[in-house]
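Undergrad: Fold the following for me, if possible:
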Amino acid sequence: MIFGYARVSTDDQSLDAQTDALQGAGAERIFTDRISGSLRRRPELDRLLDQVRQGDVIVVTKYDRLARSLRDLLEIVEAIEERGGGFRSLAEDIDTTTPAGRLIFHVFASIAQFERERISERTREGLEAARRRGRVGGRPPALSAVQRAEVRHMRDEEGRSVPEIARLFRVSLQTVRRA
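TA: Reported below is the predicted structural model:
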C-alpha cells in the first residue's frame, strides 16, 4: 500500500498542495499533521508508522515534511525499513526501495544537515559580532528597573498578590515572579 504523509506547522497553513501531490503519486491513504516538525511526537505520523507493513511505501512531497533533523529523518526511515516498508520523497526524487535511492537519500540528508549547521553557525557568528559592537538581541524587558523595584515593594511591603500586581502592570504572572 502507498501511504502519504503531509504536515504543516500551523493551523492557518493549507495542506491542499501536499495532499494533491500525494494523491497524484498514488497515495491510497494520507495522514496529516498540523504541528511543528521539530516535535518528534506527531500523532498522525505515529499512527502511520504503526500501520506500515512489508512492501508498503510512505510518500512525502519533501523530506522536511517528515523530519527537521538528519537524526530524526534517519530514525524515521529506519523505523519504516524495519517494518519492511520504503520511503519516497517527491521533490528530491528519493526512493529507498532501490539501492541507488538509499544512497541518494543518505547523501541528500547529509547535505541538508550540513546546510542547517552552517546556517546556525552563521547566525551565531552574526550575534557575536553584534555583541562585540554593543548590540544585544532579544525582546526588551516588560518592566523597567524602577517598575521591578515597585513590583517587589508592592509584593513584599504592601502584601499584594501576584495576580493583582500583574493586572496593574499589564504583564504576565511569570513576569511579576521574575521581578
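Undergrad: tell me which strands and helices the strand or helix carrying residue 76 is in contact with?
TA: For residue 76, the element it lies in under DSSP states H and E is helix 70-82. Secondary-structure packing of helix 70-82 (3 or more C-beta pairs under 8 Å, 6 or more residues apart in numbering; DSSP states H and E): helix 43-51, strand 86-89, helix 99-132. (Each C-beta comes from the backbone N, C-alpha and C, glycine too.)
Undergrad: Return the most buried member of these.
TA: The highest mean neighbour count among the helices and strands packed on helix 70-82, using mean count of other C-beta atoms under 10 Å, belongs to strand 86-89: a mean of 23.
Undergrad: Let me have the helices and strands packed on helix 70-82 in JSON lines, extended by distance to residue 34 and mean pLDDT.
TA: What follows is those, written out as JSON lines (distance: least, C-beta to C-beta, whole Å; pLDDT from 0 to 100):
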{"stretch": "helix 43-51", "distance to residue 34": "9", "mean pLDDT": "93"}
{"stretch": "strand 86-89", "distance to residue 34": "20", "mean pLDDT": "94"}
{"stretch": "helix 99-132", "distance to residue 34": "23", "mean pLDDT": "87"}
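Undergrad: buried residues in the helix holding residue 76?
TA: 70, 73, 74, 76, 77, 80 (16 or more other C-beta atoms under 10 Å).
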